[in-house]
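In: sequence and computational prediction follow.
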Amino acid sequence: MTKESDSAANNRRLALVSVVIALLSLVASVVQNVNYLRSIDSMQRNILRTESLRTCRDLIDTFFRFRLKAEAVQLSGSAGMNGAELKALAYQFGGLGTFLANFHPDAARARYSALAWQLNTIAEKAGSLPKDAFDALFVEADRQFATINDDCVKAATGHLL
């Protein structure tokens, strides 16, 4: 009976070792899956951040090209072909701003839309406004642009997502 009891004990130990190995394998698989999901999430956040920064760069460039063109139109006193370019830049700013606003809360979306409409108003009136009225329109646009630029700074420093 000793051999039989030793054999049964060995069989139980072997079964226990097999179960422990299976459980360790399961735990290792779960840990690997969690790490994989974290890695995917990190890559998605990095892609979103990169796209946000690229859009910020394009938005800033569009704003200053708009401003330069608007000042030229205002100085010449007539919109002509530059007026169409101003409208195109205002719409481009609106498109970029809409895309960028998707990364921010509703209050930021309202700011982006307000600035796009402000630029559209400037584009329509730039050739017919006196210098003081033109500058007054840009005071508000500059203030709104500063807050949008702050959003871009937050994205650049990693506080976006």
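Out: Received the coordinates, thanks. A quick note: this is a predicted structure, and the numbers were derived from the prediction, not measured. Numbers count the residues shown, from 1 in each chain.
In: give me the neighbour count for Phe63.
Out: If you count neighbours by other Cβ atoms under 10 Å, Phe63 ends up with 24. Where you see a C-beta, it was placed from the backbone N, CA and C, and this is true even at glycine.
In: hang on, it packs against Phe93?
Out: Yes - proximity of Phe63 to Phe93 meets the contact threshold set by Cβ atoms under 8 Å, at 6.2 Å.
In: confidence-wise, which helix or strand of the protein is lowest on average?
Out: In the chain, no helix or strand scores lower on mean pLDDT, DSSP states H and E than helix 80-101, which sits at a mean of 86.
In: state the next helix or strand along the chain beyond it.
Out: Going down the chain from helix 80-101, the next helix or strand is helix 106-125, by DSSP states H and E.
In: residue boundaries of the helices in the protein?
Out: 2-76, 80-101, 106-125, 131-156 (DSSP state H).
In: how many other residues sit next to the residue lying closest to Lys125 once chain neighbours are set aside?
Out: Leaving out its chain neighbours, the residue that sits closest to Lys125 by Cβ to Cβ, 6 or more residues apart in numbering is Leu137, at 7.2 Å. Using other Cβ under 10 Å, Leu137 has 18 neighbouring residues.
In: hang on, the earlier thing: which strands or helices does the least confident helix or strand of the chain pack on?
Out: helix 2-76, helix 106-125, helix 131-156 (3 or more Cβ pairs under 8 Å, 6 or more residues apart in numbering; DSSP states H and E).
In: between those, which one is closest to Asn82.
Out: Minimum separation from Asn82 across these (Cβ to Cβ) falls at helix 2-76, 4.7 Å.
In: quick one: the closest one to helix 80-101, angle?
Out: Between the axes of helix 2-76 and helix 80-101, defined by axes from the mean of the first three to the mean of the last three Cα atoms, to 10 degrees, the angle is 160 degrees.
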